[in-house]
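Asks: The following block contains a protein sequence and its predicted model.
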Amino acid sequence: MAENVQIINEETISNTDVKCPGCGATVKYDPATLKMLCPFCGTSRELPQPEAGAVIEELDFNTAVQRASVNWGTVKKLIVCKNCAGQALYDASQVSGCCPFCGSTSVMPAAENEQIMAPGALIPFAVDGAKAARCFSDFVNKKRFVPKGVRSVKLENFVGLYLPFWTFDADTVSSYIAKIGFEHTDSDGDTYYTYKKYKGVRNQFIDDMIVYATDKVTHPYISRVQNFYFDKLVPYAPEYLAGFAAERYTVGLNDGWERAKVLIRRKLKDDIGAYEKKLHRGDTVKEVNLSTNYYNVKFKYILAPMYLATYRYGNKTYQVAINGQSGATYCDTPSYLWKVILFIVLGIISIPLFFITLIFIFGVLL
């Protein structure tokens with residue numbers, strides 16, 4: 001499918017003063033105070049807050065060609081990692097010696113004529129690095145059957161960055177057939193189900209269906225922590241990116257919409273099944289077949305905050321993802337559960353063997 005977003009050749013000009021007016025040092029966005037903050041002299045500058053009521057414009061899908069913007073508000077450079085192919089945006093004046101995704105130092109600048117569509121909104125970091133590390137510790141400490149040593153590991157390759165997402169709104173009309181099951185018990189006490197088909201038409205508005213907009217950063221746990229609060233969106237301003245990398249989108253608008261339709265279809269099936277099951281007092285939903293039309297499709301291209309990291313335990317490296325807005329955390333952890341299960345199984349096996357041995361011994365003695 002042809003890309004539905006045309007990137008217009010446009011010079012991106014700098015209108016962001018990233019230097020501190022007090023001492024001339026480079027300032028960064030501080031998630032703890034939601035301000036631009038100089039780490040040397042303490043000078044700070046207020047940024048627009050989510051509660052300020054700013055309107056986030058939703059763009060019409062069919063007119064995206066005319067509405068796409070490439071103005072990031074400050075000169076940006078695109079860095080491509082030779083190791084993982086991740087593509088990150090930095091201020092042109094910022095020098096980075098490593099990839100924020102895999103930690104590799106094998107990075108190179110992209111072609112000078114690379115045009116990068118700018119986001120229309122973003123969710124600012126609300127969790128700073130220290131709090132993110134505590135979120136990781138809390139997550140690990142709440143898990144069961146985790147070796148004690150894991151609870152004291154230190155995060156490595158820790159980086160905060162903005163990741164790209166498409167969000168879609170749409171009016172949907174679906175005709176469907178739902179097969180609902182009803183539980184019965186026969187004379188022997190065995191359970192069986194009978195099924196009935198119910199036809200219907202459902203009108204449903206889909207709000208902010210989110211699609212991860214890059215295939216370059218294939219972190220396994222981003223999807224587990226990408227539940228963002230969209231009422232905290234603010235209009236895009238380059239100041240929020242100060243001190244953070246920003247991954248560019250590689251999943252185009254049309255491809256993003258195709259992925260969104262898969263998720264929307266799944267949601268519609270779940271909602272229709274739950275509705276018909278409740279309406280007819282059924283016990284289970286076997287399947288829902290539907291045909292859906294979409295109208296008034298709107299989209300937003302946004303950036304959302306995420307911390308990515310790794311930790312090592314034994315000879316294995318584990319990946320970590322932390323939501324930079326809510327602190328929601330997910331990672332895999334080593335477990336000694338298999339040892340507990342093995343101990344129980346051996347115990348179950350050894351008890352009969354113990355009694356058999358006793359019987360054999362007493363039998364010989366008698």
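Replies: Ah, there it is. Numbering: from 1, shown residues only.

Asks: and Gly200, how many neighbours?
Replies: Gly200 has 14 neighbours, counted by other C-beta atoms under 10 Å. To be clear about C-beta, it is placed using only N, CA and C from the backbone, and glycine gets the same treatment.

Asks: Strand partners (parallel or antiparallel) of the helix or strand hosting it?
Replies: Gly200 belongs to strand 191-212 when assigned by DSSP states H and E. Sheet pairing for strand 191-212, assigned by DSSP bridges, gives strand 156-185 (antiparallel).

Asks: For the strand it pairs with, list every residue counted as buried.
Replies: Within strand 156-185, the residues that count as buried by 16 or more other C-beta atoms under 10 Å are 157-170, 172, 174, 176, 178-181.

Asks: these two touch, right, Lys232 and Phe125?
Replies: No. Lys232 is beyond contact range of Phe125, at 11.0 Å (criterion: C-beta atoms under 8 Å).

Asks: so what's in contact with these two at the same time?
Replies: Common contacts of Lys232 and Phe125 (C-beta atoms under 8 Å, 6 or more residues apart in numbering): Gln325.

Asks: So for these two, which residue has more residues nearby?
Replies: Phe125 (25 against 15).

Asks: Wait, Gly200 touches Val173, no?
Replies: No. Taking C-beta under 8 Å as the definition, Gly200 is not a contact partner of Val173, at 11.4 Å.

Asks: hang on, the earlier thing: buried residues in the strand holding Gly200?
Replies: Across strand 191-212, burial judged by 16+ other C-beta under 10 Å covers Tyr198, Arg202, Gln204, Ile206, Asp208, Met209, Ile210, Val211, Tyr212.

Asks: Next one: the nearest residue to the last one once chain neighbours are set aside from Thr329, what distance?
Replies: Closest residue to Tyr212 apart from its sequence neighbours, by C-beta to C-beta, 6 or more residues apart in numbering: Phe165 at 6.0 Å. Phe165 sits 19 Å away from Thr329 when distances are taken as C-beta to C-beta, to the nearest Å.

Asks: Next: Ser137.
Replies: Ser137 is 9 Å from Thr329, by C-beta to C-beta.

Asks: Look at those two and report which has more neighbours.
Replies: Set Ser137 next to Thr329 and count neighbours by other C-beta under 10 Å: Thr329 wins out with 24 against 15.

Asks: what sits against the more buried one?
Replies: Cys135, Phe136, Asp138, Phe139, Val225, Val320, Ala321, Ile322, Asn323.

Asks: likewise Tyr318?
Replies: For Tyr318, the contact set (C-beta under 8 Å, 6+ apart) comprises Thr310, Tyr311, Arg312, Cys331, Asp332, Thr333, Pro334.

Asks: What strands line up against the strand or helix carrying it, and which way round?
Replies: Using DSSP H and E, Tyr318 falls within strand 316-323. With DSSP bridges as the criterion, the sheet partners recorded for strand 316-323 are strand 284-313 (antiparallel), strand 329-331 (antiparallel).

Asks: So what's the model's average confidence on the longest one?
Replies: Looking at strand 284-313 alone, the average pLDDT works out to 93.

Asks: Kindly report the same for the shortest one.
Replies: Strand 329-331 comes out with an average pLDDT of 94.

Asks: With stretch 143-160 instead?
Replies: 87.

Asks: The residue lying closest to Thr317 once chain neighbours are set aside: how many residues sit nearby?
Replies: Excluding the flanking residues, the one nearest Thr317 by C-beta to C-beta, 6+ apart is Thr310, at 5.3 Å. Neighbourhood size, Thr310 [other C-beta under 10 Å]: 15.

Asks: can you check Gly149 too?
Replies: Neighbours of Gly149 using other C-beta under 10 Å come to 10.

Asks: got it, and Lys316?
Replies: Neighbour count for Lys316, taken as other C-beta under 10 Å: 9.

Asks: these two touch, right, it and Pro334?
Replies: Yes. Using C-beta under 8 Å, Lys316 is in contact with Pro334, at 7.2 Å.

Asks: low-confidence ranges in the stretch 151-300 of the chain?
Replies: In the predicted model of the stretch 151-300 of the chain, residues 217 satisfy pLDDT under 70.

Asks: again, 50 this time
Replies: Along the stretch 151-300 of the chain, no part satisfies pLDDT under 50.
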